[in-house]
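Colleague: from the sequence below, what's the structure:
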Amino acid sequence: MIELYTWGTPNGRKASVMLEECGLAYRVHKVDIGKDEQFAPEFLAISPNNKIPAIVDPDGPDGKPISLFESGAILVYLAGKTGRFLPADVRGKYVALQWLMFQMGGVGPMFGQLHHFLRAAKEEVPYAIERYTKEKDRLYGVLDRRLGEADYLAGAQYTIADIATYPWVARHEWHKTDLAAFPNVKRWFDAISARPAVKRGMAVPG
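Modeller: Numbers count the residues shown, from 1 in each chain. This is a model prediction of the structure:
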């Protein structure tokens, strides 16, 4: 059974959605980042950057336990372990990975910064809100154009790129986005929202 260390954030939910989609048995360990539990020494031993999610798989690639941090790395690992949600053909794999990196380097950090300045900053910082709102809207435009030409981010197939991006778009109300303004994103979002494994994964840690 895989040990999942997580909290109710978009990055945390990437891992739980993937575990549910793959049908893997896992045990949830709540790491309350509001109480700084991510800085506990025992969690640091698993996640050197003090960030959730992290997993420990007792049945690693060489038959020995392996621990992993960074949500993107966890998705790639679980795709490799199960042979699911990452295309087997070389071209398809790299198309999926580029959209995964788009999420890791763009969607997550930029949406996250906007969430901070809209919801957590001790005082309003108009420059930061304007900067990250513009970048958020630009990224939504990239997603909408891509999803106007393909069912999913990597093409016809649902992949880890979609699993990584979905939990961030699920917080569209946090970053003040009306999905109706991006109809292709909304079509994609509604389709993924209907998946039973996604519903279960998004409810973790409960």
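Colleague: and the residue in the chain sticking out farthest from the centre, its phi and psi?
Modeller: No residue in the chain sits farther from the centre than Glu123, which is 28.2 Å out by Cα atoms, centre = their mean. Dihedral pair for Glu123: phi -140, psi 150, per degrees, to the nearest 10.
Colleague: ok, which stretches of the protein are strands?
Modeller: Under the criterion DSSP state E, the chain carries strands at the ranges 2-6, 26-30, 54-57, 66-69.
Colleague: that older thread, OK, contacts around the residue farthest from the centre of the chain?
Modeller: If a contact means Cβ atoms under 8 Å, 6 or more residues apart in numbering, then Glu123 has no contacts. Every residue, glycine included, has its C-beta placed from N, CA and C.
Colleague: ok so, going back, which one of the strands of the chain lies nearest to His116?
Modeller: strand 2-6 (19.9 Å; Cβ to Cβ).
Colleague: now do that closest one, average pLDDT.
Modeller: Regarding strand 2-6, the rounded mean pLDDT is 98.
Colleague: in its sheet, what does that strand sit against?
Modeller: strand 26-30 (parallel), strand 54-57 (antiparallel) (DSSP bridges).
Colleague: in the chain, which spans are helices?
Modeller: For the chain, the helices defined by DSSP state H occupy 10-22, 41-44, 71-82, 90-102, 108-115, 126-149, 160-169, 183-193, 196-202.
Colleague: okay, the angle between the third one and strand 2-6?
Modeller: The directions of helix 71-82 and strand 2-6 differ by 160 degrees, with axes from the mean of the first three to the mean of the last three Cα atoms, to 10 degrees as the criterion.
Colleague: by contact count, what packs against helix 71-82?
Modeller: Counting contacts by 3 or more Cβ pairs under 8 Å, 6 or more residues apart in numbering; DSSP states H and E, helix 71-82 packs against helix 10-22, strand 54-57, strand 66-69, helix 90-102, helix 160-169.
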